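Novice: got a predicted structure here, sequence first:
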Amino acid sequence: MSPETLPSPALSSSEEKRLRNIRNIGIMAHIDAGKTTVTERILYITGITHKIGEVHDGEATMDYMEDERARGITITSAATQCDWKDTRINLIDTPGHVDFTVEVERSLRVLDGAVAVFDGVAGVEAQSETVWRQADRYGVPRICFINKLDRTGADFDRAFDSIINRLQCNAVRMQIPLGIEKDFYGLVDLLEEKAWRFTDEDGPGMEEMEIPEDVKELVAKRRAEMIENLVEVDDDMVERFLEGESFTVEELRAVTRRATLEGHAVPVLCGSALHDKGVHPLLDAVIAYLPDPIDAGALIGHDPKDPEIEVRRHANSEEPMSALAFKTIADPNGDLTFVRVYSGILRRGDAVLNPRTRKKERVGRLMFMHANDRLAVDEVHAGDICAAVGLKQTITGDTICDDKNPVVLESMTFPEAVISMSIEPKSTGDRDKLSDLLGKLHREDPSFRVITDPETDETVISGMGELHLEIVTTRIGRDYKIPVNVGAPRVAYRQTINAEKDIEGKQVKQTGGSGQFAVANIKFRPWDLDGETNTNFVNSIKGGVIPAQYIPAVGKGIEESAKSGGRLGWPIVGIEAELHYGKSHDVDSSELAFFLAAQRAFREALDNNFTVLEPVMKLTVQVPEEFLGDVIGDLNTRRVNIADMTMDGQIREVNGTVPIAEMFSYAGTLRGMTQGRGSFSMEPAGYEAVPAYVQETLVKDRLA
């Protein structure tokens, strides 16, 4: 029986109950919105920790790396488990800094739901939009938590409106705050029509109270809005709503869950995690509205031998085992591979198949993780997230499965690196150690790349930003005791073609005996840079003027030329190459000859017909009004394209795009201009052509 026709075993009542009581969720947000603080409060409330770790004190449980504690930011996603009202919550705290967006990407790939945290003062910020789009891409249902409402300048309604306007989603208020800023003292649950006052007592930290008279009218208005938005997923409830009927709390809770799971609505809650305000209702909402593994539905993969054959795996321990590796951590006692088990049971000692390598690997140990602490277990079931030791050839995005019932699950894609720098050990004796370590670090972090420059023989590392590479090089020296020298940061430029050219590429060489003969006529033209950015090869040969066996060599020659980047060495993108005519020789033609002919054609097509592309970032700068002039003046020198400016009290927000090449060391410059009161954030916005005067300088420097 083929894999796609395997019947799905019936779900036993005990297995269904187990799966219904699991939530695999992530906490995601812009940097400093309070993700890790929310996680720390959840761990404390659920009894996993007995002391609340504060991010600002460098004692957060989930920020266990030395760099995380020193900088007060999350760098790597950390997994943990906790229990709330008989439900197991597998929770991943993800980074908010753009340089570590790959951590969010691979976490969202294996999570069933997410909590998006927003700063009650700033609302939706640049990285908020990035992680939201990542969640959209994987179809992850989510709820929102507007945090820090006790801060000066907090405004729940403004933050709520920013979710609707900037994220283009159907956000639905489930609560409204009582008081604001330093007077934030409670909240109203719109679904249950109950008011709660925050207390300093142990337990839920809230006590029920009467809904204050001055907000009763607002509560009625917001509750009607909530119901109207939620019932749209149920025709019968829409009809009842239009007829003025009321709904029970149970009906509203059920329709909220349905609307959330279907992606129709995003429930919005409020609070202040730092002072344990609103975290208990947030936990209740995670269980009430976010999906369990059964809700997430069957996972669709394909047969390793035939990608056209669809294979489904259901959340059921009785099905064949399938799991996805989504993170690797180098460890002296054996690399840890984090896996999400989608079906079946993964046991310690199992031999599992990796369809990518077509090899079996043995699972040495299995562990449930709590940040950097580990709990050894003998087996994990469908719906669980764990770490395995012993999977030496398995990397991020690989499937591991039962070898008798193989499947390849959808992997994940990672953004291209935008910053590079050279690196070398201070001692030549450390060269091999550094090479091995860089390979391990790439296994840990797929957005970290390592190449050897063919011209200079330098080792070049690439990443998502200055901070990304700074963290990597610091770890190499401090944690692995390999002192290194690093070069100045370099931008990951690209090239593309300007106009169409029809080139005849020839490789004709006669040296006595068999020679080389190939003629390839190729039209090179600009290709869609807004979509795919690779080189597209089109075969339009008719009548067999070039034998079929040589045509792949032409495509390979074009592909290799694009990667090598010609005389400038920057990868060439956005080109379509159409092979439409050519000539061959019965004796002297070969795959190598056509490969070389294609490369000659490519070089000629690019000659004086190229544009340099540079990575551009979406930029948000927030500064006090008094420093705006100096900041704008500085931004204008950095080729910033300012899109708009907004004002919130005395804080100005400048939004636009900027080449990343102009933003090196900007953090220090901004601090100096604003007495430490300015802040900025960036996120990738693609590639754009550099101005002619910049290209002239870049080419001159590159060829010097």
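Specialist: Structure received.
Novice: what segments of the stretch 551-700 of the chain are helices?
Specialist: Along the stretch 551-700 of the chain, the segments classed as helices by DSSP state H, counting those that start in this stretch run 551-564, 591-606, 628-636, 666-674, 692-703.
Novice: mean pLDDT lowest where, among these?
Specialist: Least confident of the helices of the stretch 551-700 of the chain, judged by mean pLDDT, is helix 666-674 with a mean of 83.
Novice: got the angle between that one and helix 628-636?
Specialist: 150 degrees (axes from the mean of the first three to the mean of the last three Cα atoms, to 10 degrees).
Novice: other residues contacting helix 666-674?
Specialist: Contact with helix 666-674 is made by Val621, Val623, Pro624, Phe627, Asp630, Val631, Asp634, Arg638, Gly678, Ser679, Phe680, as judged by Cβ atoms under 8 Å, 6 or more residues apart in numbering. For the C-beta atoms, the positions are set from N, CA and C on the backbone; glycine is no exception.
Novice: once you drop chain neighbours, what's closest to the fifth one?
Specialist: What sits nearest to Asp630 in space, not counting adjacent residues and going by Cβ to Cβ, 6 or more residues apart in numbering, is Met673, at 4.9 Å.
Novice: any idea how far the one you found is from Asp292?
Specialist: Distance of Met673 to Asp292, computed by Cβ to Cβ, to the nearest Å: 50 Å.
Novice: the more surrounded of the two?
Specialist: Neighbour count, other Cβ atoms under 10 Å: between Met673 and Asp292, Asp292 has more, with 22 against 17.
Novice: mind checking the SS state of that one?
Specialist: Following DSSP: H, G, I helix; E, B strand; the rest coil, Asp292 is assigned to coil.
Novice: let's see if you can find the most crowded of the contacts of helix 666-674.
Specialist: Val621 (26 neighbours).
Novice: rank the contacts of helix 666-674 by pLDDT and give me only the lowest.
Specialist: Checking pLDDT across the contacts of helix 666-674, the minimum falls on Ser679 at 76.
Novice: dump the residue contacts of it.
Specialist: Val621, Gln622, Val623, Leu670.
Novice: what does Lys563 give?
Specialist: Lys563 makes contact with Pro571, according to Cβ under 8 Å, 6+ apart.
Novice: separation between it and Arg133?
Specialist: According to Cβ to Cβ, Lys563 stands 28 Å off from Arg133.
Novice: now do Ala605: how many residues are near it, please.
Specialist: Neighbours of Ala605 (other Cβ under 10 Å): 26.
Novice: for the contacts of helix 666-674, give me CSV that also has distance to His280.
Specialist: Converted to CSV, these look like this (distance: Cβ to Cβ, whole Å):
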residue, distance to His280
Val621, 37
Val623, 37
Pro624, 36
Phe627, 41
Asp630, 45
Val631, 41
Asp634, 45
Arg638, 46
Gly678, 36
Ser679, 31
Phe680, 35
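Novice: that older thread, now, of the helices of the stretch 551-700 of the chain, which is deepest in the fold?
Specialist: The highest mean neighbour count among these, using mean count of other Cβ atoms under 10 Å, belongs to helix 591-606: a mean of 22.
Novice: ok now it, how far from the chain's centre?
Specialist: 37 Å (Cα atoms, centre = their mean, to the nearest Å).
Novice: orientation of it relative to helix 551-564 in degrees?
Specialist: Angle between the axes of helix 591-606 and helix 551-564 is 50 degrees (criterion: the same axes, to 10 degrees).
Novice: re earlier: now for the contacts of helix 666-674: which two are most distant?
Specialist: Pro624 and Arg638 (20.0 Å; Cβ to Cβ).
Novice: go through the helices of the stretch 551-700 of the chain and name the closest to Pro267.
Specialist: Nearest of the helices of the stretch 551-700 of the chain (Cβ to Cβ): helix 666-674, 35.7 Å.
Novice: where does Arg18 land in three-state SS?
Specialist: Per three-state DSSP, Arg18 ends up helix.
Novice: residues near it, how many?
Specialist: Neighbours around Arg18, by other Cβ under 10 Å: 20.
Novice: who touches it in this structure?
Specialist: If a contact means Cβ under 8 Å, 6+ apart, then Arg18 has His381, Gly383 as its contacts.
Novice: for the remainder of this discussion, apply numbering that starts at 499.
Specialist: In the new numbering, first residue 499, that becomes Arg516.
Novice: measure it to Ala577 for me?
Specialist: Following Cβ to Cβ, the distance that separates Arg516 from Ala577 is 19 Å.
Novice: equivalent analysis for Gly895, please.
Specialist: Counting by Cβ to Cβ - Gly895 and Ala577 are separated by 17 Å.
Novice: okay, those two: which has more neighbours?
Specialist: Legend: neighbour count by other Cβ under 10 Å for Gly895 and Ala577, higher for Ala577 (22 against 18).
Novice: quick check: which element contains that one?
Specialist: strand 576-582 (DSSP states H and E).
Novice: and that strand, how far out from the chain middle?
Specialist: 21 Å.
Novice: what strands line up against it, and which way round?
Specialist: strand 585-591 (antiparallel) (DSSP bridges).
Novice: let me see the mean pLDDT of the partner strand.
Specialist: Averaging pLDDT along strand 585-591 yields 88.
Novice: list the buried ones in it?
Specialist: Within strand 585-591, the residues that count as buried by 16 or more other Cβ atoms under 10 Å are Arg586, Ile587, Asn588, Leu589, Ile590, Asp591.
Novice: give the next helix or strand downstream of that strand.
Specialist: Downstream of strand 585-591 (by DSSP H and E), the next one is helix 599-608.
Novice: and that following helix with strand 576-582, angle?
Specialist: Using the same axes, to 10 degrees: helix 599-608 against strand 576-582 is 40 degrees.
Novice: against which helices or strands is helix 599-608 packed?
Specialist: Judged by 3 or more Cβ pairs under 8 Å, 6 or more residues apart in numbering; DSSP states H and E, the packing partners of helix 599-608 are strand 520-527, helix 624-635, strand 820-827.
Novice: which helices and strands does the very next helix or strand once past the first one pack with?
Specialist: If I follow you right, that is strand 520-527. Next helix or strand after strand 520-527 toward the C-terminus (DSSP H and E): helix 533-543. Contacts defined by 3+ Cβ pairs under 8 Å, 6+ apart place helix 533-543 against strand 520-527, strand 576-582, strand 585-591, strand 611-617, strand 640-645, helix 777-787.
Novice: out of these, nearest to Ile1140?
Specialist: Ile1140 lies closest, by Cβ to Cβ, to one member of these: strand 611-617, at 22.9 Å.
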